[in-house]
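S.K.: What would the 3D arrangement of this be:
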Amino acid sequence: MMRWSILLAGAIGLCCTTSGRAETLAEQAFADLASLVGEWEGTYANGRSHRVSFALTANDSVIVETWTMSPTRQSLTLYALDGDRLLATHYCPQGNQPRLVLSEREADQSYRFEFLDGTNLQDPNGSHQHALQIAVDTPQSFSRSESYVSNTHSAGTPVEAGELVRYRRVLP
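M.R.: Presented below is the predicted three-dimensional model:
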């Protein structure tokens, strides 16, 4: 009887420590984006190149994406889980901070983030990042595009779609 009680207690403990739940889309996306830790180079269609780096911080709970367009021009996007959501907060050289939320995984396996709200964005129709798509293509490449609302658009006018840029890993 004592042996049966010990086995039952162990089985119950095992069930309680193993959630058995499926990973959420937000958790999948966070794990995929975390695999990008390292240095990357992307080139626009006009030939202009730039560097992007990914790092983990805050006990690996936040992904830091840093864009270096020139020695004096950088931007930053932080990705963090918020319950069942994955948020991306973009710190733009324009001085605003749009927050985007993961909305779906597209058929091409890219993750789509849509505008949620923003700080220092007094005019929601003012120029700001409004959407982004990012896909981990291989361990050595990823692709990304962004959409912006420009100051010339009025309410209800579609956002400007950004070009798709492919990146290659420079450093692990």
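
S.K.: Residue 76 pairs with what?
M.R.: residue 66, residue 91 (DSSP bridges).

S.K.: That one reaches residue 67, doesn't it?
M.R.: Yes. Counting by Cβ atoms under 8 Å, residue 76 does reach residue 67; the two are 7.3 Å apart. Glycine gets a C-beta too; all of them are placed from N, C-alpha and C.

S.K.: Between the two, point out the one with more neighbours.
M.R.: Between residue 76 and residue 67, residue 67 has the larger neighbour count (other Cβ atoms under 10 Å), namely 19 against 14.

S.K.: buried sites along stretch 51-71?
M.R.: 51, 52, 53, 54, 62, 63, 64, 65, 66, 67 (16 or more other Cβ atoms under 10 Å).

S.K.: Show the contacting residues for the last one.
M.R.: Contact criterion Cβ atoms under 8 Å, 6 or more residues apart in numbering gives 50, 51, 52, 74, 75, 76, 77 as the residues in contact with residue 67.

S.K.: Return the member of the buried residues of stretch 51-71 nearest to residue 26.
M.R.: Using Cβ to Cβ, residue 63 is the member of those that lies nearest residue 26, at 12.3 Å.

S.K.: now the helices: where do they sit in this structure?
M.R.: Secondary structure of the chain by DSSP state H: the helices cover 2-17, 25-34.

S.K.: least reliable of the ones you listed going by mean pLDDT?
M.R.: Mean pLDDT is lowest for helix 2-17 among the helices of the chain, at a mean of 40.

S.K.: Show me the contact partners of stretch 113-129.
M.R.: Stretch 113-129 is touched from outside by 86-88, 90, 92, 94-103, 130-134, 146-151, 153-155, with contacts defined as Cβ under 8 Å, 6+ apart.

S.K.: Return the set of buried residues in it.
M.R.: Quick answer for stretch 113-129 (16+ other Cβ under 10 Å): 113, 115, 118, 121, 127, 128, 129.

S.K.: Show me the shaky parts of this structure.
M.R.: 1-19, 123-126, 151-161 (pLDDT under 70).

S.K.: can you rerun that using 90?
M.R.: Scanning the chain for pLDDT under 90 picks out the ranges 1-22, 44-49, 68-74, 92-96, 117-131, 146-164, 172.

S.K.: Now do the strands in it.
M.R.: 38-43, 49-57, 62-70, 73-82, 85-91, 97-105, 111-119, 128-138, 141-149, 160-161, 165-171 (DSSP state E).
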